[in-house]
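Asker: just the structure for this:
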Amino acid sequence: MSEHLTVVDHPLVQHKLTLMRDKGRSTAEFRQLLREITLLLAYEVTREIPLTTRHIETPMEEMDAPILAGKKMALVSILRAGNGMLDGVLELVPSARVGFVGLYRDEETLKPVQYYFKAPEGLKDRLVIAVDPMLATGNSSAAAIDLLKEAGATDIRFLCLLAAPEGVARMKEAHPDVHIVTAALDRELNSKGYIMPGLGDAGDRMFGTK
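Answerer: Model (predicted):
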């Protein structure tokens, strides 16, 4: 693993990802698997969260026990597909604050255009985890991170299900300080910007749209 990228090769993650790639998987099964695999990926992306101690009393004795330090984490969904990953992370960290970034690609300039942004207060004091199942070209992801930094975020991690080498390179160029955690680094992008071998359009498969 590089300093910029972690590929989670846990057997359960890889097994669930294979089930998700199968084009015969139903929408309900795809959503359930995405929630489960996100929970497992969230375990990895939160590995370096700082701890402090709290004095408590167990049924046996008093002790200074480890507990999360600082403000509650901020979880930011890159719309719309990022919403499919929220539940998995929130199951692990139910107290996380949640924000949303809405971007679409201008078909003439091919650049991302912002249509919605709502983030928790005090981002500069929070660990911020941006979630989007697919890191393809990296343009929208990089633009979303731009917005989060403009809002004050300084400790940002990016959590995705699949990444393409082109997207990882784009993110590293634009935001070398943002660590990426993913279940797989796939081969390449095709001419339409889809990840290969990939799993198709994550948003369409998640929400049953075309």
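Asker: residue 39 and residue 67: what is the separation?
Answerer: 21 Å (Cβ to Cβ, to the nearest Å). (Glycine included, C-beta is placed from N, CA and C.)
Asker: those two: which is more packed in?
Answerer: Remark: of residue 39 and residue 67, residue 39 carries more neighbours, 16 against 10, as counted by other Cβ atoms under 10 Å.
Asker: what's downstream of whichever helix or strand that one is part of, the next helix or strand?
Answerer: According to DSSP states H and E, residue 39 maps onto helix 27-45. Next helix or strand after helix 27-45 toward the C-terminus (DSSP H and E): strand 51-57.
Asker: what strands flank that next one, and is each parallel or antiparallel?
Answerer: Strand 51-57 has its sheet partners listed here by DSSP bridges as strand 62-68 (antiparallel).
Asker: now the partner strand: buried residues?
Answerer: By neighbour count on 16 or more other Cβ atoms under 10 Å, the buried set for strand 62-68 is residue 68.
Asker: also stretch 86-98?
Answerer: 86, 88, 89, 90, 93, 96, 97, 98.
Asker: now do the same end-to-end measure for that stretch.
Answerer: Stretch 86-98 has its terminal residues 8 Å apart, counting by Cα to Cα, to the nearest Å.
Asker: the chain should start at 50 in everything you say after this.
Answerer: With 50 as the first residue, the last one maps to stretch 135-147.
Asker: now do that stretch, average pLDDT.
Answerer: Average pLDDT, stretch 135-147: 91.
Asker: residues contacting it, please?
Answerer: With Cβ atoms under 8 Å, 6 or more residues apart in numbering as the contact definition, stretch 135-147 has outside contacts at 83-92, 95, 121-126, 169, 175, 178, 180, 208.
Asker: just the buried residues of stretch 135-147 now: which is nearest residue 79?
Answerer: residue 137 (13.1 Å; Cβ to Cβ).
Asker: quick check: closest non-adjacent residue to that closest one.
Answerer: Nearest residue to residue 137 in three dimensions, chain neighbours excluded: residue 87, at 2.7 Å (Cβ to Cβ, 6 or more residues apart in numbering).
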